[in-house]
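Undergrad: Sequence plus predicted model, see below.
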Amino acid sequence: MENNSSKWRLQQNYSQLPKELYTETKPSPLDNPKLLLWNNKLAKELQLDHLSREEITAILSGNQIISNSKPIAQAYGGHQFGYFNILGDGRAILLGELEVKNKLFDIQLKGSGPTKYSRRGDGRASIYSMLREYLISEAMHGLGIASSRSLALIGSSTDIYRENIHKAGVLTRIASSHIRVGTFELAARMENSKPLIELLNHTIKRHYPRASEHENPPLELLKEVIEKQINLVVQWLSVGFIHGVMNTDNTSIAAETFDYGPCAFMNVYDPKTVYSSIDHQGRYAYMNQRHIIKWNLIRFAETLLPLIHENINIAIDCCQVLFDEFDEKFKQQYNKVFLKKLGIDKEQANDIELLNELLEWMQNQKADFTNTFRSLSDKKLLSDYIYKDENFLRWHKKWDLRTKNVSNLEYRLNQINPSVIARNHIVEEALEDIIQNNDFKLFEAFVSALEKPFNNCSNEKYQLPPEDETEYKTFCGT
């Protein structure tokens, strides 16, 4: 059934690329679709707040197709835990791009049925895993960290089979684009160079137009992507976020966080923290993320070598300069952001030592990452027995002395140290309430708090870490 409304204003830019990079695919209809969540604020930003509930449900379930649209599943490859695979959207379909204030946004249905790339999968997603992505992606947005967004969640009576029987759901994901390092990896492996060249030009036009003015656009693109990815991963570290599956197919060229599978926020500070059930070697542990993003970006650079210079050795030398600088740039950005978490804008001698001393104490005492930094401005958190430790008190005196002349210190601290994050145990509790009891109250209240995470938390429950999370694991949900 065709929907002839022009209200969606979709463009079809990605489908203008060579056909090796996508397959035209229509969503599979859902049985008895029901609109479970609609992100009113995001809808207003996208100028979609005029749509009727019936139209939203029909189109975002995949049961109706927007007229003149060209739904596609994108092809890409990716290094998964270090090994390259040919992949693609196995359960996601791009409806098109929406232009708002001269900026394009992908509208993608996740869990919308099988595609050419499903590899014998059913192409569906459980309501549980899509609720989780909705909540955590909105939490990241609230923290001011570049992220895909969640516009809607459609439930259904369709059964899908994982470890148990679940109901299928379709999430509408909004992103600047879904171009990945893995997209370039696949294009670079094709028989002719046309897909890679056109993908490069499309990416520069859409995300990095200044690179086109450079004498070597692909090299400039690489440079800008490196800088944005350093900033993104440092922001992850600053709030204790662990992506959990930093494969190259989950590394956005636009430097947005997306694919919220086995991700989680760290409670107790430990650089080796891993939550993902499939990360047996700790490849994507909290502190390893800085090394993995460099590894992923080197894979990106390899795809651009023939476009950077016809002489491969010259191209390698050009890229090597950027990666020789990588560790120092990451360190500088990390130190800058983490010193801000202490209220320090301009680094002085011994400031890094002060920071590292706190982190070492946190690790030794198994202190909560979020609450320790927030306690610097939220005095009620200091009543916790852990902050009575004499080593912490000694450190706190040194920090007091260092920041005594910082103007608006409490305000500065509150702008960078959240009081509430999407803590794993509360996320699970909120989702279970919906799945078991169809009760959205905790979920909606938690999302509301996560929208303004830097405000003083009015619900103490959200600030309390779990009593024990030694066995806590997260899953991909595929």
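TA: Looks like it arrived, so ask away.

Undergrad: Not counting its own residues, what contacts stretch 84-92?
TA: 23, 73-80, 108-119, 121-125, 173, 178, 182, 185-186, 249, 478 (Cβ atoms under 8 Å, 6 or more residues apart in numbering). Where you see a C-beta, it was placed from the backbone N, CA and C, and this is true even at glycine.

Undergrad: got the buried residues for it?
TA: Within stretch 84-92, the residues scored as buried using 16 or more other Cβ atoms under 10 Å are Phe84, Asn85, Leu87, Gly88, Asp89, Gly90, Arg91, Ala92.

Undergrad: State whether the fourth one is indeed within a helix.
TA: It refers to Gly88. No: counting by DSSP: H, G, I helix; E, B strand; the rest coil, Gly88 is not part of a helix but coil.

Undergrad: OK, contacts around the closest residue to it other than its chain neighbours?
TA: With sequence-adjacent residues excluded and distances taken as Cβ to Cβ, 6 or more residues apart in numbering, Gly88 is closest to Tyr117, at 2.8 Å. For Tyr117, the contact set (Cβ under 8 Å, 6+ apart) comprises Thr23, Ala73, Ala75, Leu87, Gly88, Asp89, Gly90.

Undergrad: Which pair of these spans the longest distance?
TA: Thr23 and Leu87 (12.8 Å; Cβ to Cβ).

Undergrad: count of neighbours near the closest residue to Ala125 other than its chain neighbours?
TA: Of all residues not flanking Ala125 in the chain, Gly111 sits nearest, at 3.0 Å (Cβ to Cβ, 6+ apart). Residues near Gly111, counting by other Cβ atoms under 10 Å, number 34.

Undergrad: Show the contacting residues for Gly111.
TA: Gly111 neighbours (Cβ under 8 Å, 6+ apart): Arg91, Ala92, Gly123, Arg124, Ala125, Ser126, Met130, Ala168, Gly169, Val170, Leu171.

Undergrad: Neighbour-wise, give me the winner out of those residues.
TA: Val170 (32 neighbours).

Undergrad: Name the SS class of it, please.
TA: strand.

Undergrad: how close does it get to Leu94?
TA: Taking Cβ to Cβ, to the nearest Å as the measure, Val170 falls 13 Å from Leu94.

Undergrad: before we move on, back to that, for Thr23 and Leu87, list the residues in contact with both.
TA: Both Thr23 and Leu87 are in contact with Ala75, Tyr117, where contact means Cβ under 8 Å, 6+ apart.

Undergrad: Quick check: Gly240 touching Asp368?
TA: No: in this structure, Gly240 is not within contact of Asp368 by Cβ atoms under 8 Å, at 9.2 Å.

Undergrad: Pro27: neighbouring residues, count only.
TA: 24.

Undergrad: actually Ser383, sorry about that
TA: 9.

Undergrad: ok, now Glu432?
TA: For Glu432, using other Cβ under 10 Å, the count is 14.

Undergrad: Kindly report the same for Met140.
TA: Neighbours of Met140 (other Cβ under 10 Å): 28.

Undergrad: Apart from its neighbours in sequence, what residue is nearest it?
TA: Ser147 (3.9 Å).

Undergrad: Flag the shaky bits of the chain, pLDDT-wise.
TA: Within the chain, the segments meeting pLDDT under 70 span 1-6, 477-478.

Undergrad: what's the longest helix in it?
TA: The residue-count maximum for a helix in the chain (DSSP state H) belongs to helix 217-238.

Undergrad: for the helix or strand just after it, packing partners?
TA: On the C-terminal side of helix 217-238, the closest following helix or strand by DSSP states H and E is strand 241-242. Secondary-structure packing of strand 241-242 (3 or more Cβ pairs under 8 Å, 6 or more residues apart in numbering; DSSP states H and E): strand 264-265.

Undergrad: Who are the packing partners of the strand it packs on?
TA: By 3+ Cβ pairs under 8 Å, 6+ apart, strand 264-265 packs against strand 241-242.

Undergrad: these two touch, right, Glu224 and Tyr208?
TA: Yes: counting by Cβ under 8 Å, Tyr208 is a contact partner of Glu224 at 5.0 Å.

Undergrad: circling back to that earlier point, might you specify the subset of the contacts of stretch 84-92 located within helices?
TA: Using DSSP H, the contacts of stretch 84-92 in helices are Gly182, Glu185, Leu186.

Undergrad: ok, the closest residue to the second one other than its chain neighbours - how many residues close by?
TA: Take Glu185 and drop its neighbours on the chain: the residue closest to it by Cβ to Cβ, 6+ apart is Gly77, 4.4 Å away. When neighbours are counted by other Cβ under 10 Å, Gly77 registers 24.

Undergrad: can you check Ala422 too?
TA: Ala422 has 28 nearby residues by other Cβ under 10 Å.

Undergrad: Who are the contact partners of it?
TA: So Ala422 contacts Leu135, Ile136, Ala139, Phe265, Phe446, Leu450 (Cβ under 8 Å, 6+ apart).

Undergrad: what do you get for Ile352?
TA: Asn335, Leu339.

Undergrad: How about the secondary structure of it?
TA: Ile352 is classified as helix under three-state DSSP.

Undergrad: next one: the one 10 residues further on
TA: The assignment at Met362 comes out as helix when based on three-state DSSP.

Undergrad: Check the gap between it and Val100 for me.
TA: 41 Å.

Undergrad: the more surrounded of the two?
TA: Met362 (19 against 12).

Undergrad: in the sheet, who's paired with Phe84?
TA: Phe84 forms beta bridges with His79, as assigned by DSSP bridges.

Undergrad: what separates it from Asn192, distance-wise?
TA: 20 Å.

Undergrad: now swap in Phe338 and tell me
TA: 46 Å.

Undergrad: Equivalent analysis for Leu21, please.
TA: 13 Å.

Undergrad: Angles on the backbone of the residue nearest to Met140, please.
TA: phi -160, psi 150 (degrees, to the nearest 10).
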